[in-house]
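K.L.:
I would like to see how this sequence folds:
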Amino acid sequence: MGLELLFYGDLVSQQSTKSKDLKIVARPVITIDQIKSNTRAVKLLHLINVLGRVSEKNLPLIIKELKDNGLDLGYNIVTIAGSVVSKELREDLTTLLYTGLIETNQINRVINLTSLGKEFLSKNIDEQLSDKIRSKVEELRPKISMLLAESELRRR
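P.N.:
Down below sits the predicted model:
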């Protein structure tokens, strides 16, 4: 039996030397051009730009508050055991992180735009959308800051 295994191993090694080389080319699954057609992700980029910096845990709270006050960014927000979550938001954040348009501080999980993200927004600017998000955030800033403070107190 030991000889059979040795023979089989020799056969495999001979076959691998005769076969063609496999060339692996790495390509990103998601490109920045695909982000342009994802309206939710573009709206999310505008929101992060207006907010400046925001924690990953507080972003769903802000989006829910905006949705409750008439500005729907396209996310299905669900409250589970007191936590506000969204599967679509998580997917879009992962996509934006993967493409390098946003970055996250690994210690406190704060999201902000990268220089590439700012460049993307400047090239693909939707002034009407940006102004709408900016005005709604400014209108709700006192309420949002109270929600964020309450959220931080609950986590401690």
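K.L.:
all contacts plus neighbour counts: C-alpha atoms, from now on.
P.N.:
Noted.
K.L.:
Verify the contact between L148 and N58 for me.
P.N.:
Yes: counting by CA atoms under 8 Å, L148 touches N58, with 6.4 Å between them.
K.L.:
Assumed G117 was part of a strand.
P.N.:
No: assigned with DSSP: H, G, I helix; E, B strand; the rest coil, G117 falls outside any strand and is helix.
K.L.:
Is it correct that it is in contact with E103?
P.N.:
No: in terms of CA under 8 Å, G117 does not count as a neighbour of E103; the distance is 9.3 Å.
K.L.:
Check which helix or strand the residue minimising distance to the centre of the chain maps to.
P.N.:
Among the residues of the chain, L93 comes closest to the average C-alpha position under CA atoms, centre = their mean, at 1.1 Å. Element membership of L93, judged by DSSP states H and E, is helix 87-99.
K.L.:
Show me what counts as buried in the next helix or strand after that helix.
P.N.:
On the C-terminal side of helix 87-99, the closest following helix or strand by DSSP H and E is strand 102-104. Going by neighbour count (16 or more other CA atoms under 10 Å), the buried part of strand 102-104 is 102-104.
K.L.:
JSON lines please, covering those residues and showing distance to I111 and pLDDT.
P.N.:
Shown next, in JSON lines, are those (distance: CA to CA, whole Å; pLDDT from 0 to 100):
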{"residue": "I102", "distance to I111": "7", "pLDDT": "91"}
{"residue": "E103", "distance to I111": "6", "pLDDT": "90"}
{"residue": "T104", "distance to I111": "5", "pLDDT": "89"}
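K.L.:
From those residues, pick the one nearest N76.
P.N.:
I102 (21.4 Å; CA to CA).
K.L.:
Check Q15 and give its pLDDT.
P.N.:
If you check Q15, the pLDDT there is 50.
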